[in-house]
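S.K.: After the sequence you'll find the predicted model.
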Amino acid sequence: MIRALLLFAALLAASPASAHGMKVFAKVVGDQVSGYGFFIGGGRPEGVEWQAEMAGAPLAQGKTDASGGFAFAAPASVTGPVTVTLNTGDGHVARAELAPARFGAVPGAPAPALAAPEPAAPEAAGPELAALVAVAVAREVAPLAERIEQMDNRMRLTDLMSGLFLIIGLAGIGLWARGRRR
């Protein structure tokens, strides 16, 4: 019984573990792809290698800045999903995949014009207008998508309490099994 109390006291006094998951948030605004990596529970991966590729072909690479951020020019022609990968080198690897639709294009088609198109006849303005609307919507939705990603991946008090009560429950089962053997 004393051992169990000592174990419980040690668990309460322990500091948070360093192991945690990493995620990547990436967005496309205009002709720029940007984003950042973050650790679930807090913190950003500073100076971490990142690379972007499309259909296995490298697009860009570098190291994250002081806030875990990265940025690169969007490809002129989107032929498939663009994948951004962060690798800390110590076991944390995270990926974000950007579908061709996020670039306002269909696979194999050139990226849409980002400047305002010349006035055209109303019947011809359909595709150009659709491309401009897609870029504007992506620009406005990006902060919302970022916030949702952060909220989905943060460590919550309920997560911590669930883990603590799981440990207590397993210890209780172990003590019950030990008592049954006597």
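M.R.: All right, it came through fine.

S.K.: Do you have the strands of this structure handy? List them.
M.R.: Applying DSSP state E to the chain gives strands spanning 22-29, 32-39, 49-54, 57-63, 69-73, 82-87, 93-98.

S.K.: List the buried residues for stretch 140-148?
M.R.: residue 142 (16 or more other Cβ atoms under 10 Å). Any C-beta I mention is one placed from the backbone N, CA and C, and that applies to glycine too.

S.K.: ok, back up a step: can you tell me which of the strands of the chain comes nearest to residue 135?
M.R.: Shortest distance between residue 135 and these, using Cβ to Cβ, is found for strand 22-29: 7.9 Å.

S.K.: still on that earlier bit, for residue 130, which of the strands of the chain is the nearest?
M.R.: strand 22-29 (16.0 Å).

S.K.: helices or strands next to the closest one in the packing?
M.R.: strand 32-39, strand 82-87, strand 93-98, helix 126-152 (3 or more Cβ pairs under 8 Å, 6 or more residues apart in numbering; DSSP states H and E).

S.K.: contacts for it?
M.R.: Strand 22-29 is contacted by residues 33-40, 45, 74, 84-86, 88, 92-96, 98, 102-103, 135, 138-139, 142, 145-146, 149-150, 153 when judged by Cβ atoms under 8 Å, 6 or more residues apart in numbering.

S.K.: Drop anything exposed from those residues.
M.R.: 33-40, 45, 74, 84-86, 88, 92, 94, 96, 98, 102-103, 135, 138, 142, 149.

S.K.: export the helices and strands packed on strand 22-29 to CSV and tack on mean pLDDT and distance to residue 55?
M.R.: Shown next, in CSV, are the helices and strands packed on strand 22-29 (pLDDT from 0 to 100; distance: least, Cβ to Cβ, whole Å):
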stretch, mean pLDDT, distance to residue 55
strand 32-39, 89, 15
strand 82-87, 92, 9
strand 93-98, 89, 12
helix 126-152, 74, 21
